[in-house]
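Colleague: Prediction below, plus the sequence it came from.
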Amino acid sequence: MNDPAFPTAIHAAQAAPRTKPSLYPEPFASRVAGRIKRPLGDLFGLTNFGVNLTVLPPGAISALRHAHSRQDEFVYVLSGRPTLYTDEGRTLLEPGMCAGFKAGSGNAHHLVNESDGDVVYLEVGDRAAGDEVAYPDDDLAAAFVEGRWRFLHKDGTAY
């Protein structure tokens with residue numbers, strides 16, 4: 001039986017966007033300005049993994065380039081042509097393409113919309129306790145502690 005607190009089904013594009021566009025501290029939060037995430041997993045009360053319907057307008061980035069220690073990530077492009085940046089370089093994606101990032105691989109990644117139109121994609125990630133995130137291009141580190149992200153400088157001092 002379905003929990004009455006959660007819907008049975010919805011049109012994903014009609015889900016409410018996140019109220020806070022980014023969890024990053026400044027000066028990093030402004031770098032993902034314009035990105036719209038609709039947290040679909042939360043809407044259904046999912047606790048083992050998250051699903052976001054994400055829109056990147058032209059010039060927007062999905063996240064800072066990062067790699068998770070314990071969280072697997074998967075993206076599936078619905079529309080538009082984002083550029084995927086990884087440690088191997090750049091790969092142009094198109095609708096129907098997907099990419100996955102195994103936890104602990106150390107392969108830092110993010111999507112950049114270098115096109116003239118919107119990019120829409122699904123992102124899926126688990127919610128592994130004790131996950132840590134490395135940001136090789138920035139003075140930033142993150143740890144998932146007691147159900148929330150904590151951001152630090154690489155030397156361990158808090159933001």
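Modeller: That came in fine, so what should we check first? Numbers count the residues shown, from 1 in each chain.
Colleague: which residues in this structure form helices?
Modeller: 40-43 (DSSP state H).
Colleague: which stretches of it have low pLDDT?
Modeller: 1-2 (pLDDT under 70).
Colleague: pretty sure Gly34 is touching Pro57, no?
Modeller: Yes: checked against CB atoms under 8 Å, the pair Gly34 and Pro57 is within contact range at 4.8 Å. Using the backbone N, CA and C atoms, a C-beta is placed for each residue, glycine as well.
Colleague: Could you pull up the contacting residues of Thr47?
Modeller: Contacts for Thr47 (CB atoms under 8 Å, 6 or more residues apart in numbering) come out as Arg127.
Colleague: ok, Tyr76 to Asp3 distance?
Modeller: Look at Tyr76 and Asp3: by CB to CB, to the nearest Å, they are 27 Å apart.
Colleague: which of these two has more neighbours?
Modeller: Taking other CB atoms under 10 Å, Tyr76 and Asp3 do not tie; Tyr76 has more neighbours (15 against 9).
Colleague: quick one, what contacts that one?
Modeller: Going by CB under 8 Å, 6+ apart, Tyr76 touches Met97, Cys98, Tyr121, Leu122, Val124.
Colleague: in the sheet, who's paired with the third one?
Modeller: Beta-bridge partners of Tyr121, counted by DSSP bridges, are Thr54, Val77.
Colleague: residues of stretch 98-111 that come out buried?
Modeller: Ala99, Phe101, Ala103, Ala108, His109, His110, Leu111 (16 or more other CB atoms under 10 Å).
Colleague: Can you show me the CA trace of that stretch as CSV?
Modeller: Once non-C-alpha atoms are left out, stretch 98-111 reads as follows in CSV (Å, rounded to 0.1, in the frame of the first residue of the first chain):
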residue,chain,number,x,y,z
CYS,A,98,24.3,7.9,-20.3
ALA,A,99,27.4,7.9,-18.1
GLY,A,100,28.2,6.3,-14.8
PHE,A,101,30.8,7.0,-12.1
LYS,A,102,31.8,4.2,-9.8
ALA,A,103,32.4,5.1,-6.1
GLY,A,104,36.0,5.3,-5.2
SER,A,105,37.3,5.5,-8.8
GLY,A,106,38.7,9.0,-8.2
ASN,A,107,37.5,10.0,-11.7
ALA,A,108,36.3,13.6,-11.2
HIS,A,109,33.5,14.7,-13.4
HIS,A,110,30.8,17.2,-14.2
LEU,A,111,28.6,18.4,-17.1
